[in-house]
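K.L.:
Return atomic coordinates for the entry below.
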Amino acid sequence: FISQVKEEHGLPLFGVQFNWYLDTDYFATATIYRCNEDGSITPLQAYCDADSEENFYTCAWSYDTETGEGLLAIGGLKGIVRVIGTSTANCKASYSGHGNAINELKVHPSDPRLLLSASKDHALRLWNLKTSVCIAVLGGAEGHRDEVLGADFSFHGNRILSCGMDHALKIWEMDDDKVKKAVKDSFEYQRSSKRSFPTVSIHFPSFSTRDIHRNYVDCVRWFGFLALSKSCEDCVILWKPPLKGAEVQRPTVLHKLEINHCDIWFIRFAVNFKQTLLALGNTAGRISLWDLTVDEPSKMKAHNLTHSRCTSVVRQVSFNKDASVLVSVCDNGTVWRWDRREKK
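P.N.:
This is a model prediction of the structure:
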């Protein structure tokens, strides 16, 4: 443990993300912080929404590919995505379209101009940060039947994995011809056009299952061709989705990572950039760490991070790019920093 700060509002902090595009360790809640070399945390910018009832649940980092300016997308209770230009601290764009709260935001791994949002309105939306259009809506006929709580892009960005309150996990294909054309067209769209952009609707995922969890699924991450997902069942499950086009569309559970006091929803885990570590908090203020590089999944053992003053629910954790720093946010408005120290 290195340092801790408490935000003045004292309200729960639901999301935290490091900016992996920069060498300097910046992270955000709805406040942007810098991790200093002396172990301290310095707040740099704080955002207050025009709507006093707004409560942000999630954030995601990107950047302007033309100017290099850092962009922070934030969303929450009111269902509006705000895109903040961090060099000017101004709101550059606001995206409305979701009919309810936004639970997660993700930026495409190879194209920082594409943003994915997952919502309480049972759908996901794909946005173009450059032209500010909604490219596609993922949901409908065979979509989620309740809140979409989490989503993740695969390493190459060609597949999306989503999860929700309906206990379901679904895979959506970015390689679908309809989606590929819409993405291409979105970059050519002129904002001055009198015609609105023809957003495409994708009603059918390529894969769907309710066999992995028996409760709300609130967090998912791709792990190579495998997947990691978490429910309110005191564990994270490592499982194998069927390959695209496979005759047998049945998932295979490979291993369960057990954790105590993690039986409420909206506690989200993090995997570092190189996918070698997984971290997850719990309701008792403890963070568990697993080494994902072991040869046998059964050899994955949890290492616990604890502090006598950290007793509130740890909602989310985030690694910096080289995994030397881990930050966590809690229900009592506190932000905690943990630094990795090499054994001498």
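
K.L.:
How about residues contacting stretch 94-102?
P.N.:
Contact partners of stretch 94-102, identified using Cβ atoms under 8 Å, 6 or more residues apart in numbering, comprise 57-58, 75-83, 117-121, 123, 125, 127, 132, 134, 137, 147. (Glycine included, C-beta is placed from N, CA and C.)

K.L.:
Identify those among these that sit within helices.
P.N.:
Where the contacts of stretch 94-102 are compared with helices, as defined by DSSP state H, there is no overlap at all.

K.L.:
Got a PyMOL select line for the buried ones in those?
P.N.:
In PyMOL, the members of the contacts of stretch 94-102 classed as buried (16 or more other Cβ atoms under 10 Å) are selected with the following command:
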select buried, resi 57+58+75+76+77+78+79+80+81+82+83+117+118+119+120+121+123+125+127+132+134+137+147
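
K.L.:
Sort out for me which of the contacts of stretch 94-102 are in strands.
P.N.:
In this view, the contacts of stretch 94-102 that belong to strands under DSSP state E are 57-58, 75-76, 81-83, 117-119, 125, 127, 134, 137.

K.L.:
count of residues packed around the nearest residue to Gly10 once chain neighbours are set aside?
P.N.:
Leaving out its chain neighbours, the residue that sits closest to Gly10 by Cβ to Cβ, 6 or more residues apart in numbering is Gly333, at 4.4 Å. Gly333 has 17 neighbouring residues, counting by other Cβ atoms under 10 Å.

K.L.:
State the distance from Gly333 to Glu173.
P.N.:
According to Cβ to Cβ, to the nearest Å, Gly333 stands 40 Å off from Glu173.

K.L.:
nearest to Ala270, of the ones in strands among the contacts of stretch 94-102?
P.N.:
Within these, the smallest distance to Ala270 is 12.9 Å, found for Thr58 (Cβ to Cβ).

K.L.:
how much space between the residue lying closest to Phe269 once chain neighbours are set aside and Arg113?
P.N.:
Ranked by Cβ to Cβ, 6+ apart and with sequence neighbours excluded, the top spatial neighbour of Phe269 is Leu280, at 3.9 Å. Using Cβ to Cβ, Leu280 is found at 31 Å from Arg113.

K.L.:
neighbour count winner among those two?
P.N.:
Leu280 (27 against 20).

K.L.:
Would you check that Thr306 makes contact with Gly285?
P.N.:
Yes: using Cβ atoms under 8 Å, Thr306 is in contact with Gly285, at 7.3 Å.

K.L.:
Where does the prediction get shaky in the protein?
P.N.:
1, 343-344 (pLDDT under 70).

K.L.:
Tell me who's in contact with the residue nearest to Phe269.
P.N.:
Under the criterion of Cβ under 8 Å, 6+ apart, the neighbours of Leu280 are 230, 236, 257, 259, 262, 267-270, 287-288, 317.

K.L.:
picking up where we left off before, switch the ones in strands among the contacts of stretch 94-102 over to JSON lines; also include distance to Ala30.
P.N.:
JSON lines is the format used below for the ones in strands among the contacts of stretch 94-102 (distance: Cβ to Cβ, whole Å):
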{"residue": "Tyr57", "distance to Ala30": "10"}
{"residue": "Thr58", "distance to Ala30": "10"}
{"residue": "Gly75", "distance to Ala30": "10"}
{"residue": "Gly76", "distance to Ala30": "8"}
{"residue": "Val81", "distance to Ala30": "13"}
{"residue": "Arg82", "distance to Ala30": "9"}
{"residue": "Val83", "distance to Ala30": "13"}
{"residue": "Ser117", "distance to Ala30": "16"}
{"residue": "Ala118", "distance to Ala30": "18"}
{"residue": "Ser119", "distance to Ala30": "18"}
{"residue": "Arg125", "distance to Ala30": "21"}
{"residue": "Trp127", "distance to Ala30": "19"}
{"residue": "Cys134", "distance to Ala30": "23"}
{"residue": "Val137", "distance to Ala30": "26"}
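
K.L.:
about what we covered before: which one of the contacts of Leu280 has the most neighbours?
P.N.:
In terms of neighbours by other Cβ under 10 Å, these top out with Lys230 at 28 neighbours.

K.L.:
Provide the backbone phi and psi angles at the residue nearest to Gly10.
P.N.:
Here is the backbone geometry of Gly333 (degrees, to the nearest 10): phi 80, psi 10.

K.L.:
and if you look at the one 5 residues further on?
P.N.:
Dihedral angles phi and psi of Trp338 (degrees, to the nearest 10) take the values phi -130, psi 130.

K.L.:
cool, His108 as well?
P.N.:
Backbone geometry at His108, expressed as degrees, to the nearest 10, gives phi -60, psi 130.
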